[in-house]
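1. Model the structure of this input:
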Amino acid sequence: MSDLDRVLSRIDSDFDASLDRLFDLLRIKSISTDPAFKGDCRAAADWLAAELSALGIVSEVRDTTGHPMVVGHHKDGAKSGPHVLFYGHYDVQPVDPLDLWERDPFDPAVITREDGSKIIVARGAADDKGQLMTFVEAARAWIKETGGLPVPVTILLEGEEESGSPSLHPFLEANKDELSCDLALVCDTGMWDRSTPAITTMLRGLVGEEITVTAANRDLHSGAFGGAARNPIHVLATILDGLHDDKGRVTLPHFYDGVIDMPADVTALWEKLGFDHQTFLGGVGLKDPAGETDRTALEQIWTRPTCEVNGIWGGYNGAGFKTVIPSQAHAKVSFRLVGDQDPDQVRLAFRTYVREHLPSDCSVSFSKHGGSPALRLDFDSPELAKGRKALSDEWECEAALIGCGGSIPIVGDFKTMLGMDSMLVGFGLDDDKVHSPNEKYEMTSYHKGIRSWARILDELSRD
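-> Alright, predicted model coming up:
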């Protein structure tokens, strides 16, 4: 038997014990947003550091201004291949509303469904304790079976992901030399469907702006001033309406500079996924794609930039009716970026557009929120090809290369601060109820997730 065959066999024979270890971690109430659980977050970090150190992955708990990080290294005995940094987070979301849980959220259990499939139910089962333990258990099997790991590995486990990661940026800055590797492996993502594994190769960037348009120096009586006085809500609504043309394209000058069309072979793979926009939108009570008219819904989500109004307010919003012309109107606008779009240039273009369309007796102020570029893994990357082969071999189907409409800040930090790309591989599903009551993780996701990481480590070591 090859080393990989022996490792996979060990994963299977040791699976019940690996499930017990996951349950031990799930019982720790590591809610990072609530100071009452500070000690539990420390306990989770201590538990992970002890588990890793017992395997020979020299690990320690590192204090921050918030919850601690866990950092571990295993370089001895590695064959060849890239030095990888594995990232996960041990903190979890609050459990509220507790009355909607069918059992204690920190008393994990295996539930057998009517079709015979099994799920792990607990807070953190999918986000992210179950996910990170797939890698830890794969590393355990390699070390126990062969005495080492196929490639050099550094592990970084965070305790504040669910509370905005306030300590992460300074921690990466302070430990840049130690944590800079050839490739980051991130597990906080999902599969295409329950039988098709996926690698997320694209993340959209994000620019946020809050704007305030001011007209009169006070709220005005709409009977006394109506018609003669400028209404800032009208002004703001007109400006926002002009951000899109009748084909759904954003009208800002040079907005599409840096937007890259996907290679034909990639779009061909996406066509095989069988994405149905009617099913996708139907789940939220909609039916018709509303973006660029010459793009599919899947393209719009993964590969196209957007401009969205996330909030708009002004005037009287209380009970009853108050006939005023407000002094101010406000809006929050966000842009999702793709390709090589420059966040600073997009922000400048937006502010310039607003000022150019502002009446002379109005003023505007802006408040900046976020500004990160899009990220993507080169489709020709040898690491991507190896990761995809490993997943395809384990799941016995072609692994999907997918995009993500959202943004994962840590991946941007890895790129801008540590100079390394990230390969995002996770085994979550859309119905895992992440952040909600009765969170679950498929038993197959946990078991085959462990086997998948074992295969990925093996493939990365090959020439």
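2. residues near the closest residue to residue 453 other than its chain neighbours, how many?
-> In this structure, residue 453 finds its nearest non-sequential neighbour in residue 138, 3.6 Å apart by Cβ to Cβ, 6 or more residues apart in numbering. Every C-beta, even on glycine, is put in place using the N, C-alpha and C of the backbone. Residues near residue 138, counting by other Cβ atoms under 10 Å, number 26.
3. Local confidence estimate at the spatially most central residue of the chain?
-> In the chain, the residue lying closest to the centroid (Cα atoms, centre = their mean) is residue 408, at 4.0 Å. Confidence at residue 408, expressed as pLDDT, is 82.
4. likewise residue 78?
-> Residue 78 carries a pLDDT value of 60.
5. hang on, the earlier thing: could you tell me the phi and psi values at the closest residue to the residue nearest to the centre of the chain other than its chain neighbours?
-> Nearest non-adjacent residue to residue 408, counting by Cβ to Cβ, 6+ apart: residue 203, 5.6 Å away. Main-chain dihedrals, residue 203, degrees, to the nearest 10: phi -130, psi 140.
6. how many other residues sit next to residue 203?
-> Going by other Cβ under 10 Å, the residues that sit close to residue 203 add up to 29.
7. Against residue 382, how distant is it?
-> Between residue 203 and residue 382 the distance is 21 Å, computed by Cβ to Cβ, to the nearest Å.
8. Kindly check the end-to-end length of stretch 142-157 for me.
-> End-to-end distance for stretch 142-157: 20 Å, by Cα to Cα, to the nearest Å.
9. Was I right to think the residue nearest to the centre of the chain contacts residue 202?
-> No: with contacts counted by Cβ atoms under 8 Å, residue 408 stays clear of residue 202, the gap being 11.0 Å.
10. Residue 334 against residue 207, yeah?
-> Yes: contact criterion Cβ under 8 Å: residue 334 and residue 207 qualify, at 6.8 Å.
11. So between the two, which is more surrounded?
-> Remark: of residue 334 and residue 207, residue 207 carries more neighbours, 25 against 17, as counted by other Cβ under 10 Å.
12. what's the pLDDT at the closest residue in space to residue 159 that isn't next to it in sequence?
-> Spatially, and ignoring its direct neighbours in sequence, residue 159 is nearest to residue 67 (3.3 Å; Cβ to Cβ, 6+ apart). Turning to residue 67, the model gives it a pLDDT of 98.
13. what's the answer for residue 147, then?
-> With respect to pLDDT, residue 147 scores 94.
14. domains for the protein, by residue range?
-> The chain breaks down by automatic domain parsing into domains covering 3-203+375-460, 205-259+305-372.
15. Now for residue 18, how many residues are close by?
-> 20.
16. what's the answer for residue 142, then?
-> 28.
17. can you check residue 261 too?
-> So residue 261, with other Cβ under 10 Å, has 11 neighbours.
18. Just confirm it is within a strand.
-> No: counting by DSSP: H, G, I helix; E, B strand; the rest coil, residue 261 is not part of a strand but coil.
19. And the strands in the stretch 201-350 of the chain?
-> All strands of the stretch 201-350 of the chain, identified by DSSP state E, counting those that start in this stretch, fall at 205-214, 220-221, 306-314, 324-325, 328-337.
20. could these be laid out in CSV, adding distance to residue 3?
-> Listed next are those as CSV, based on distance: least, Cβ to Cβ, whole Å:
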stretch, distance to residue 3
strand 205-214, 40
strand 220-221, 78
strand 306-314, 46
strand 324-325, 75
strand 328-337, 43
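21. Could you export those as CSV, including mean pLDDT?
-> Formatted as CSV, the strands of the stretch 201-350 of the chain follow (pLDDT from 0 to 100):
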stretch, mean pLDDT
strand 205-214, 96
strand 220-221, 94
strand 306-314, 97
strand 324-325, 96
strand 328-337, 97
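22. Please name whichever of the ones you listed is nearest to residue 242.
-> strand 306-314 (10.9 Å; Cβ to Cβ).
23. just the angle between the closest one and strand 328-337, please?
-> Counting by axes from the mean of the first three to the mean of the last three Cα atoms, to 10 degrees, strand 306-314 lies at 160 degrees to strand 328-337.
24. May I see the buried residues of strand 306-314?
-> Neighbour-count burial for strand 306-314 flags 306, 307, 314 (criterion: 16 or more other Cβ atoms under 10 Å).
25. Number of residues surrounding residue 271?
-> 10.
26. residues contacting it?
-> If a contact means Cβ atoms under 8 Å, 6 or more residues apart in numbering, then residue 271 has no contacts.
27. Relative to residue 72, how far out is it?
-> Shown here: residue 271 relative to residue 72, a distance of 41 Å by Cβ to Cβ.
28. cool, residue 378 as well?
-> Going from residue 378 to residue 72 by Cβ to Cβ gives 28 Å.
29. Help me confirm that residue 410 comes into contact with residue 161.
-> Yes: counting by Cβ under 8 Å, residue 410 touches residue 161, with 7.5 Å between them.
30. what about these two, which has more around it?
-> A count of neighbours by other Cβ under 10 Å puts residue 161 above the other of residue 410 and residue 161, at 24 against 20.
31. Show me where the protein dips below the pLDDT cut-off.
-> 77-79 (pLDDT under 70).
32. tell me the residue furthest from the middle of it?
-> Farthest-from-centroid check, the chain (Cα atoms, centre = their mean): residue 224, 51.4 Å.
33. Identify the residues contacting residue 56.
-> Shown in contact with residue 56 (Cβ under 8 Å, 6+ apart): 74, 76, 143.
34. How about the backbone phi and psi for the nearest residue to the first one once chain neighbours are set aside?
-> Pointing back at residue 74 there. Spatially, and ignoring its direct neighbours in sequence, residue 74 is nearest to residue 57 (4.3 Å; Cβ to Cβ, 6+ apart). Here is the backbone geometry of residue 57 (degrees, to the nearest 10): phi -90, psi 100.
35. Now do the contacts for residue 57.
-> Contacts of residue 57 by Cβ under 8 Å, 6+ apart are 72, 73, 74, 139, 143, 153, 155.
36. which residues are contacting the host helix or strand of the second one?
-> Okay, so that is residue 73. Assigned by DSSP states H and E, residue 73 falls within strand 69-74. With Cβ under 8 Å, 6+ apart as the test, strand 69-74 has contacts from 45, 48-49, 52-53, 55-62, 90, 139, 143, 148-149, 152-159, 167, 171, 175, 178-179.
37. 6 Å instead, please
-> 45, 48-49, 52, 57-59, 61-62, 149, 153-158, 171 (Cβ atoms under 6 Å, 6 or more residues apart in numbering).
38. Direction included, what does that strand pair against?
-> Strand pairing for strand 69-74, using DSSP bridges, gives strand 58-62 (antiparallel), strand 153-158 (antiparallel).
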